[in-house]
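any chance you can model this:
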Amino acid sequence: MAGSDNWSNPVSPETSAGLGAVTKARSNKLRSRHVTMITLGGIIGASLFVGSGNVIRTVGPAAVLSYLVGGLLVFFAMRMLGEMAASRPAIGSFMEYARVGLGDWAAYLVGWLYWYFWVGVLAYEAVLGGETMQTWFPAVPSWAWSLILIAIFVGTNLISVRTFGEVEFWLASIKVLAIVVFLGAGLLFALGLWPNATFSVPNLWEHGGFAPNGIGVAFTGVALVIFSYFGTEIAVMAAAESVDPAKGIRQATSTIIWRILLFFVGSVLVIVAVVPWDELPVPTDVANAPFTIALAKFGIPGADVIMQLVIFTAVLSVLNSGLYSASRMFAALADKGFAPKAVTTRSKTGVPVVALLASTIGGLIATLVNFLAPASGIFDFIMNSAGLVALFVYVFIALTQMRLRQKMTPEEVAKLKLKVWFHPWLNILLIAAIAAVVVVMLTSESGRSQVWTSLIATGVLLVFWPLVRRNLRRRPDHASNERIPSNEGVVND
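The predicted structure follows:
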C-alpha cells in the first residue's frame with residue numbers, strides 16, 4: 001500500500017537511535033551557527049578562487065551563465081535531498097535514502113563512490129596545502145607539511161563533532177568574509193566609485209561580445225563548473241548531527257540558491273566586469289588567479305599574498321570537512337553492512353574513530369603516491385576517476401526522491417515541510433541535464449579521461465557487489481533494514 005513505509009515521519013526510531021549513538025550528549029552536537037557557516041562557506045574552495053580563470057578564458061563573460069546554469073542544477077538536486085532529509089535526518093544522507101528508495105545496490109554504489117571521491121580530495125588538498133606551506137617555510141619539505149596538516153585535522157575531527165564544527169566555523173568565516181569584501185570592492189570599482197577607477201561594466205561586452213566564442217560554449221562550460229559546487233551536501237550531513245536537525249536541513253537546502261548567486265555567480269560577474277576576460281592569464285598559480293588579478297586592479301598591495309592566505313584557508317577547510325564527510329559516509333556504509341563491522345566503532349563523543357582513521361589512511365596513501373611515484377600515473381588516476389562522482393550522486397538523489405515520493409500517500413505528501421516543485425518533471429530535467437554534461441565531457445580529452453577512469457572505478461565496485469550482497473543476506477537485521485521503520489516512537493520536531 002502506498003505510504004505504508006511512513007517515509008514522511010520526521011524522525012524514525014532507527015534514525016533516533018543512530019543519532020543518539022553518534023551524539024549522546026547534547027553538548028557534543030553542532031549548534032545552529034556551526035550549521036549556518038558550514039552551509040555558507042562549505043562549497044567555497046580553490047576551484048572558485050583559481051579554477052574560475054579557466055572557465056572565463058574558455059567561455060568569456062558568458063561564464064556567468066555557465067555558473068548560473070550549473071548552480072541551478074545543484075540547487076534542484078539539493079531541493080530533492082532536502083525533501084528527503086527534512087523528513088528523515090540521517091548521518092548517511094543520500095546513501096541511506098538510496099538504500100530505502102532504490103535498494104541495497106544503489107546505497108552500496110553511491111556510498112563507496114562518495115567515500116572514494118573524498119579520499120581523492122583529501123590527497124589533493126594535502127598536496128596543495130603542503131606545497132603552499134613550503135613556499136613560506138622552504139626548510140621543511142612539502143610532503144612533511146602535507147602529513148602535518150592531515151595530522152592536525154585528524155586531531156580536530158577525533159575530539160568531537162562539535163570541535164569539527166567550531167574549526168569549520170572559523171575557516172568558513174574567513175572565506176565568506178573574503179568573498180563579501182571582494183564583491184563590495186569589485187562593485188564599487190566596476191561602477192567607477194573606487195579611487196582611481198573608471199566605469200568598467202562595458203568589459204562585459206566590449207571585448208568580442210558577451211559570448212565571444214558563441215553562446216553554446218557557455219552551456220558546455222557547465223561541465224567545467226558543476227564540480228565547483230560539489231560539497232553542498234556536507235551541510236545536510238552536518239545538520240543531521242545538530243541540535244535541531246530538521247531546522248538545519250531546511251535552512252541548508254532552502255538558502256543554497258542565494259549562496260550560489262552571491263558567492264559564485266556574483267564573484268565571476270565582478271571579475272569579468274573589472275578585468276577584460278581576454279586579459280586574464282592562464283591560472284597556473286595563485287599569482288595568476290583571477291581574484292588576484294582583480295585585487296591588483298583595485299590597487300591593493302600584496303594582492304597575491306592575500307589570495308594565497310585565503311586559498312590556503314580554503315584548503316584547510318576542505319581538509320577538515322573532507323575528513324568529516326569521508327568518515328561519516330564510511331561509518332554509515334558499515335552500519336548497513338556495506339563495509340566491515342569494525343568501522344562502526346565510535347568514541348564516547350560519537351566520533352566514528354575507525355572510519356576516520358581508515359579514511360585518513362586512504363588519503364595518506366594517495367598523498368604519498370604523489371610524492372614517491374609521481375610518474376606512475378596512479379595519483380592522476382585517483383584524481384580523474386573521482387570526476388563523475390558528483391554527477392552520479394545527483395542522479396541517484398533525483399531517482400531516489402522520485403521513488404520515495406511514489407511510496408507516499410497524498411496525505412503524507414501534504415505534510416512535507418520541504419517539497420520539490422514540479423515533481424517529477426524537475427527530476428527528469430536534472431537527469432537529462434546531467435546526461436548532457438557527460439556528453440559534453442566526452443568531447444574534450446580531459447573530460448574523456450574523467451569519464452572513463454570514473455567508469456573503471458565504478459566497475460571495480462560492481463565486481464565486489466555479489467560478495468557484499470551475500471554477506472548482507474547473512475546479517476540477522478537484513479530483513480528489517482530493507483524497509484523503512486514504522487512510526488512507533490517517532491520524535492516530532
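
hey, let's count contacts and neighbours off CA atoms from now on
Will do.

so where do the strands sit in the stretch 301-450 of the chain?
With DSSP state E, counting those that start in this stretch as the criterion, the stretch 301-450 of the chain has no strands.

shaky segments in it?
Applying pLDDT under 70 to the stretch 301-450 of the chain picks out residues 375-379, 382-387.

can you pull out the helices in it?
Across the stretch 301-450 of the chain, reading from the start of the chain, the helices by DSSP state H, counting those that start in this stretch fall at 303-335, 353-372, 378-385, 389-406, 410-414, 425-441, 445-473.

who wins for proximity to residue 168 among those helices?
Between residue 168 and the helices of the stretch 301-450 of the chain, the tightest spacing by CA to CA is seen for helix 303-335, at 6.2 Å.

who does that closest one touch, helix- and strand-wise?
For helix 303-335, the packing partners by 3 or more CA pairs under 8 Å, 6 or more residues apart in numbering; DSSP states H and E come out as helix 46-49, helix 104-136, helix 142-159, helix 161-190, helix 233-239, helix 290-297, helix 353-372.

and what about the residue located most distally from the centre of the chain, helix, strand or coil?
Relative to the mean C-alpha coordinate of the chain, counting by CA atoms, centre = their mean, the farthest residue is residue 196 (39.2 Å). For residue 196, the reduced secondary structure class is coil; criterion used: DSSP: H, G, I helix; E, B strand; the rest coil.

closest to residue 35 out of the helices of the stretch 301-450 of the chain?
For these, proximity to residue 35 was assessed by CA to CA; helix 303-335 is nearest, at 12.1 Å.

now that closest one: how far from the chain's centre is it?
Once both centres are worked out by CA atoms, centre = their mean, to the nearest Å, helix 303-335 turns out to sit 10 Å from its chain's centre.

return the most buried member of the helices of the stretch 301-450 of the chain.
Neighbour counts averaged per stretch over the helices of the stretch 301-450 of the chain are highest for helix 303-335, at a mean of 23; criterion: mean count of other CA atoms under 10 Å.

now the helices of the stretch 301-450 of the chain in a markdown table, with distance to residue 272?
A markdown table is the format used below for those (distance: least, CA to CA, whole Å):
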| stretch | distance to residue 272 |
| --- | --- |
| helix 303-335 | 18 |
| helix 353-372 | 35 |
| helix 378-385 | 29 |
| helix 389-406 | 27 |
| helix 410-414 | 44 |
| helix 425-441 | 24 |
| helix 445-473 | 25 |
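
among those, which is nearest residue 113?
Checked against CA to CA, the stretch from the helices of the stretch 301-450 of the chain lying closest is helix 389-406, at 6.3 Å.

what's near enough to touch residue 436?
Residue 436 makes no contacts at all, as judged by CA atoms under 8 Å, 6 or more residues apart in numbering.

tell me how far it lies from residue 365.
For residue 436, the distance to residue 365 equals 34 Å [CA to CA, to the nearest Å].

ok, now residue 373?
Looking at residue 373 against residue 365, where the rule is CA to CA, the gap reads 11 Å.

over to residue 359?
Relative to residue 365, and taking CA to CA, residue 359 is found at 10 Å.

check residue 151 too.
Using CA to CA, which is the criterion applied here, residue 151 is 14 Å from residue 365.

wait, what's in contact with the nearest residue to residue 257 once chain neighbours are set aside?
When the adjacent residues along the chain are set aside, residue 257 lies closest to residue 75, with 6.0 Å between them (CA to CA, 6 or more residues apart in numbering). Residues in contact with residue 75, defined by CA under 8 Å, 6+ apart, are 253, 256, 257.

what's the answer for residue 31, then?
162, 242, 243.

looking at the residues you listed, which is nearest residue 106?
When the contacts of residue 31 are compared for distance to residue 106 (CA to CA), residue 242 wins out at 26.6 Å.

okay, the helices and strands packed on helix 303-335 in a markdown table with distance to residue 271 next?
Putting the helices and strands packed on helix 303-335 into a markdown table (distance: least, CA to CA, whole Å) gives the following:
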| stretch | distance to residue 271 |
| --- | --- |
| helix 46-49 | 11 |
| helix 104-136 | 24 |
| helix 142-159 | 31 |
| helix 161-190 | 8 |
| helix 233-239 | 27 |
| helix 290-297 | 6 |
| helix 353-372 | 33 |
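
closest to residue 462 out of these?
For the helices and strands packed on helix 303-335, proximity to residue 462 was assessed by CA to CA; helix 104-136 is nearest, at 7.6 Å.

buried set for that closest one?
By neighbour count on 16 or more other CA atoms under 10 Å, the buried set for helix 104-136 is 104-134.

so how many other residues sit close to the closest residue to residue 304 other than its chain neighbours?
In space, residue 304 comes closest to residue 287 once its chain neighbours are excluded; the distance is 5.1 Å by CA to CA, 6+ apart. Other residues within reach of residue 287, judged by other CA atoms under 10 Å, total 17.

confirm that residue 287 lies within a helix, as I assumed.
Yes: assignment of residue 287 by three-state DSSP places it within a helix.

distance check, it against residue 50.
To residue 50, residue 287 is 9 Å away according to CA to CA.

residue nearest the centroid of this protein?
Nearest to the mean C-alpha position of the chain, by CA atoms, centre = their mean, lies residue 231 at 0.9 Å.

assign it to helix, strand or coil.
Reduced to three states with three-state DSSP, the structure at residue 231 is coil.

if I look at it, how far off is residue 205?
Looking at residue 231 against residue 205, where the rule is CA to CA, the gap reads 33 Å.

residue 154 is in contact with residue 161, correct?
No: using CA atoms under 8 Å, residue 161 and residue 154 do not qualify as a contacting pair, with a distance of 11.7 Å.

ok, the two, which is more surrounded?
Taking residue 161 and residue 154 together and counting by other CA under 10 Å, residue 161 has the greater number of neighbours (24 against 21).
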